[in-house]
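Engineer: Okay, here's the prediction I keep looking at, along with the sequence it came from:
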Amino acid sequence: MSTPMNNLDLHHLGVAELATKLAEGSVSSVEVTQHFLARIAQHVDLGAFLATNPEVSLAQARAADARLAAGERTPLLGVPLAHKDVFVTRDFPTTAGSKMLEDYRSPFDATMVSRLGVAPGGAGMVTLGKLNCDEFAMGSGNENSAYQPVQNPWDLSRVPGGSSGGSAAAVAARLVPAATGTDTGGSIRQPASLTGITGIKPTYGRCSRYGMVAFASSLDQAGPMARSALDCALLLSAMAGPDPDRDSTSLDMPEANYATELLATSPDSTKDKPLKGLRIGLPTQFFGAGCAPDVLAAVRGALAEFEKLGATLVDVSLPLTELSIPVYYVIAPAEASSNLSRFDGVRYGHRAAHYTDLTDMYKKSRSEGFGDEATRRIMIGTYVLSHGYYDAYYLKAQKIRRLIAQDFQTAFTQCDVIAGPVSPTVAWKIGEKSADPVASYLADIYTLSSSLAGLPGMSVPAGFGAGGMPVGLQLIGNYFKEAQLLGAAHQFQLATDWHQKAPETAA
Ligand code: GLN
């Protein structure tokens, strides 16, 4: 048994460290859970959480402690986390950040929730609650939540990014050691970048979408957000893997143990050039005038560190990068308009109190339940799918989507991973972009193309830019190369300490 630690400091420990303490028996899951619940209660003003239920969380912690006492030693057992509020949960409400689902209770858990949770067969993690997000995961600043905006723990007047803004803020402020997120066009990577944490969007299909409130089904993908690549690897190992009876797009590939792979392939941090042979491609389009100089400086600083670790930098081209914005903002709303048609006041969600007939009930329920951004996307989506416009917009976008994916394959003949910024600027002020949705769409420029291609990508803390705000480095891998991305990020994190920096809110 190691020296008993001061429980007041438990939130400074990451997933792997907490797991070690729990396995040693120097702290119990109940103690860890109580500690984080107290922090969540102290920091309600951040707006990161939409729901907690201490009774439920502590019951789960007791179940984890019983498994630990019985000698079980699985890597995540007893460690707490929280879920983005688009994963349905039996024990907590699920709103997807929308008034439409204000009182919604799911009769079942999402596959990600059950795989990570304490129910039999799960990894044994304790759920601390549900995390704020943009309504139906539509947004880049978490300002589209129907409940409240989330504050960036590094500067409370700024956004934490979106749509997984609650997840990012909660991890950055040390209210949770890890969280789940979803990424349709950047919603794991961009908030991770803007709050100085690590997050990975796996290859499309790597994690089951069962029980994830659908936004754009051909793009939606779940992934972990935590402080380090190692912690993300631990979570992803539990999350990944086929879900044949529930999500036909989940990949029929055995799940990998990313953490073991990462530690096995790169155990020696003292080795001179642990990344020797790794070719990192830098797309010229990611390093142009559109990116703020402070962000570019941090990204270039991180790349210099990768070179010291033995990697080589090569120039590559992703010529259709600019088109990823219009293409995504045709395809994602098209799919959203179809997915959101289920919220009709009958089968799910809000129903208007007063209406004259069935059509009026649909109209009023949907107008009252959906916020501005969801409504905008339903209208755009319905338009681009309508007769006469389908070929001009939707079909054209699908064709360009294919070309974007092909460009990546061409680039991957010259390099192993692609790197660049995640976001063209650091986190902006709350309210700054809310009057102009297009300004917010443009901020997605570096994350959308890999989403359209279905490739894995991650954000790794890489330094600070204007206003002392965090900057993330994006690493994009070829299909199924999560282990390679996590391994490269892990080596970088062994050599640097950007991922260990915490805002004052986390003290
Ligand atoms: N910002 C993008 C959007 O608004 C991506 C959102 C996401 O990945 N869920 O659609």
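Structural biologist: Received the coordinates, thanks.
Engineer: shaky segments in the chain?
Structural biologist: Scanning the chain with the threshold set as pLDDT under 70 gives 1-6, 255, 264-271.
Engineer: Strands along the chain, start to end?
Structural biologist: 49-51, 80-84, 126-131, 178-183, 198-201, 221-226, 279-283, 312-316, 417-421, 457-464, 470-477 (DSSP state E).
Engineer: Point out the most buried one among those strands.
Structural biologist: strand 198-201 (a mean of 33; mean count of other CB atoms under 10 Å). From N, CA and C alone the C-beta is placed, and that goes for glycine too.
Engineer: Direction included, what does it pair up with?
Structural biologist: Next to strand 198-201 in the sheet, as set by DSSP bridges, lie strand 221-226 (antiparallel), strand 457-464 (antiparallel).
Engineer: Identify the residues contacting the last one?
Structural biologist: Think strand 457-464. 183, 188-190, 192-193, 196-201, 229, 232, 297-299, 301-302, 422, 447, 450-451, 470-477, 485-486, 489, 492-493, 498-499, 501 (CB atoms under 8 Å, 6 or more residues apart in numbering).
Engineer: how about 6 Å then?
Structural biologist: 189, 192-193, 196, 198-201, 298, 301-302, 422, 450, 470-476, 485, 489, 498-499 (CB atoms under 6 Å, 6 or more residues apart in numbering).
Engineer: Measure how it sits relative to strand 178-183, angle-wise.
Structural biologist: 120 degrees (axes from the mean of the first three to the mean of the last three CA atoms, to 10 degrees).
Engineer: and the strands of the chain as CSV, adding distance to the ligand?
Structural biologist: Below are the strands of the chain laid out as CSV (distance: least, CB to the nearest ligand atom, whole Å):
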stretch, distance to the ligand
strand 49-51, 16
strand 80-84, 10
strand 126-131, 13
strand 178-183, 5
strand 198-201, 8
strand 221-226, 9
strand 279-283, 20
strand 312-316, 24
strand 417-421, 15
strand 457-464, 11
strand 470-477, 14
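Engineer: Let me have these in TSV, adding distance to Ile400 as columns.
Structural biologist: Listed next are the strands of the chain as TSV, based on distance: least, CB to CB, whole Å:
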stretch	distance to Ile400
strand 49-51	36
strand 80-84	29
strand 126-131	33
strand 178-183	20
strand 198-201	21
strand 221-226	20
strand 279-283	17
strand 312-316	19
strand 417-421	19
strand 457-464	19
strand 470-477	18
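Engineer: near the ligand, which residues of the stretch 301-450 of the chain?
Structural biologist: Residues of the stretch 301-450 of the chain lying close to the ligand (CB under 6 Å from any ligand atom) are Ala332, Asp444.
Engineer: out of the strands of the chain, nearest to Tyr355?
Structural biologist: Tyr355 lies closest, by CB to CB, to one member of those: strand 49-51, at 28.0 Å.
Engineer: rewinding a little: can you tell which of the strands of the chain is closest to Ala41?
Structural biologist: Comparing the strands of the chain by CB to CB, strand 49-51 comes nearest, at 9.4 Å.
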